[in-house]
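Novice: Got a predicted structure plus its sequence, pasted below:
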Amino acid sequence: SQKIEQNSEALNIQEGKTATLTCNYTNYSPAYLQWYRQDPGRGPVFLLLIRENEKEKRKERLKVTFDTTLKQSLFHITASQPADSATYLCALNSGYALNFGKGTSLLVTP
Amino acid sequence: EADIYQTPRYLVIGTGKKITLECSQTMGHDKMYWYQQDPGMELHLIHYSYGVNSTEKGDLSSESTVSRIRTEHFPLTLESARPSHTSQYLCASSDMGESSGGAKNIQYFGAGTRLSVL
């Protein structure tokens, strides 16, 4: 089955800097890869989806890259704000459902 | 804001009780899911449904059961709760059609039910 690895350690950055989160996977490359945000005690919220034939996808301050050779996706938040503090989950399709990573906790300090 | 609702948000019960966690969505989505998530851990799929009268078990074995009698409603039941069932339960739905830009399986989650079994 697909194994998804995200930075287990929390990422602390200063407001205004760019946060970069990593998602690595094993086995097959999925047709698409998704990123979600999860706040404490809440359900995940969809942010971005990128297809296997896309190198990069942007939405406002968010950017996702997808390298099927490296089996890796990078998630960037530019001009980060304290309100961006949350856990970010990477998810890959597995036929009938999604496989989620454990997520990386991001803390943006003023 | 996703139109998917879970009740209760928090539930503390004693061992052996029967409980039902409610999940409803107003988006008309065919696919619905139940996940279990422990603190700091990934979501594990325990049940899913393709539509009315369709239910399947997910990757993580669970003693819970589900039903799908109406498109909008996907309740989860534990016949006899045990402390090992203590966890957060998340319900989600997805639109498989072209309205999601042709993309499959973008999932919309409820706020979750945090269950504690004493």
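Specialist: Done, it's in.
Novice: List the residues that contact the residue in chain B that chain A sits nearest to.
Specialist: For chain B and chain A, the shortest gap (C-beta to the nearest C-beta) falls at B:Phe109, measuring 3.0 Å. Glycine gets a C-beta too; all of them are placed from N, C-alpha and C. Taking C-beta atoms under 8 Å, 6 or more residues apart in numbering or on different chains, we find B:Phe109 in contact with A:43-45, B:2, B:4, B:90-92.
Novice: Kindly reformat the residues you listed as CSV containing secondary structure, pLDDT and distance to A:Thr69.
Specialist: Shown next, in CSV, are these (DSSP: H, G, I helix; E, B strand; the rest coil; pLDDT from 0 to 100; distance: C-beta to C-beta, whole Å):
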residue, secondary structure, pLDDT, distance to A:Thr69
A:Gly43, coil, 95, 33
A:Pro44, coil, 96, 28
A:Val45, strand, 96, 30
B:Ala2, coil, 62, 34
B:Ile4, strand, 96, 37
B:Leu90, strand, 97, 33
B:Cys91, strand, 97, 36
B:Ala92, strand, 96, 31
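Novice: Tell me the one of these nearest A:Ala83?
Specialist: Of all the contacts of B:Phe109, A:Ala83 sits closest to A:Val45, with 13.1 Å by C-beta to C-beta.
Novice: immediately after the helix or strand encompassing A:Tyr88, which helix or strand?
Specialist: Element membership for A:Tyr88 (DSSP states H and E) is strand A:86-93. For strand A:86-93, the succeeding helix or strand toward the C-terminus, using DSSP H and E, is strand A:98-100.
Novice: Report all helices and strands that that next one contacts.
Specialist: Other elements packing on strand A:98-100 under the criterion 3 or more C-beta pairs under 8 Å, 6 or more residues apart in numbering or on different chains; DSSP states H and E are strand A:86-93.
Novice: Phi first, then psi, for B:Arg82.
Specialist: Per-residue torsions, B:Arg82: phi -130, psi 160 (degrees, to the nearest 10).
Novice: Now do the same contact list for it.
Specialist: Applying C-beta under 8 Å, 6+ apart, one finds that B:Arg82 lies in contact with B:15-16, B:117.
Novice: Lowest mean pLDDT among the helices and strands, pick that one out for chain A.
Specialist: Lowest by mean pLDDT, DSSP states H and E among the helices and strands of chain A is strand A:98-100, with a mean of 89.
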